[in-house]
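Novice: What would the 3D arrangement of this be:
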Amino acid sequence: MNYTHDFEEFWKRFPRRWQRDLGIYVKRKKAPAFLKWQKLPKDIRAKCLARVHLIAKMEGSAVRDCVTWLNQEGWDDFDQQELKKMPMGLPKIAIENLLKTVPDGKINVNNERNRQMRLLK
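Specialist: Presented below is the predicted three-dimensional model:
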């Protein structure tokens, strides 16, 4: 399966969970998580990327599988007051760059990049 760059970044940062039977930390269900990821709107994906580093801090040792976290809308589990106290994960520009796609064709790449950079300011 070909995973998108933004999902790979999310998967890399998503914490492993304790597998009691094996006695190790593991990540499971990458393909179902990716299928769910593709169905999410870009603003929700950006929110997930911004909050993924907080999952282990907020859930402690009871981290859910990635696909379960996405299905249960885990990005909304964080208390707004707690979010204000914690440092942000990826900078806003990095998240937006991961989620942007510029179609191939008759686009001057330099002009398009400059246009997008102006929108971020």
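Novice: Could I get the contacting residues of Met117?
Specialist: By CB atoms under 8 Å, 6 or more residues apart in numbering, no residues touch Met117. Just so you know, the C-beta spots here come from the backbone N, C-alpha and C atoms, and that holds for glycine as well.
Novice: tell me which element it is part of?
Specialist: helix 109-120 (DSSP states H and E).
Novice: what about dumping the CA coordinates of that helix to CSV?
Specialist: Provided in CSV are the C-alpha atoms of helix 109-120 (Å, rounded to 0.1, in the frame of the first residue of the first chain):
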residue,chain,number,x,y,z
VAL,A,109,6.1,26.0,-9.3
ASN,A,110,8.0,29.1,-8.0
ASN,A,111,5.0,31.3,-8.4
GLU,A,112,2.7,28.8,-6.7
ARG,A,113,5.1,28.3,-3.8
ASN,A,114,5.4,32.1,-3.3
ARG,A,115,1.6,32.5,-3.5
GLN,A,116,1.1,29.8,-0.8
MET,A,117,3.8,31.3,1.4
ARG,A,118,2.0,34.7,1.2
LEU,A,119,-1.2,33.1,2.3
LEU,A,120,0.5,31.6,5.4
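Novice: Give me the most central residue, this structure.
Specialist: With distances taken as CA atoms, centre = their mean, Leu49 lies nearest the centre of the chain, 2.8 Å away.
Novice: that's a helix at that residue, yeah?
Specialist: Yes - assessed with DSSP: H, G, I helix; E, B strand; the rest coil, Leu49 lies in a helix.
Novice: now it: how far from Arg13?
Specialist: Using CB to CB, to the nearest Å, Leu49 is found at 8 Å from Arg13.
Novice: Hmm, Phe10 and the residue nearest to the centre of the chain touching each other?
Specialist: Yes - with contacts counted by CB atoms under 8 Å, Leu49 reaches Phe10, the gap being 5.7 Å.
Novice: any shared contact partners between those two?
Specialist: The contact sets of Leu49 and Phe10 do not overlap (CB under 8 Å, 6+ apart).
Novice: Much appreciated, bye for now.
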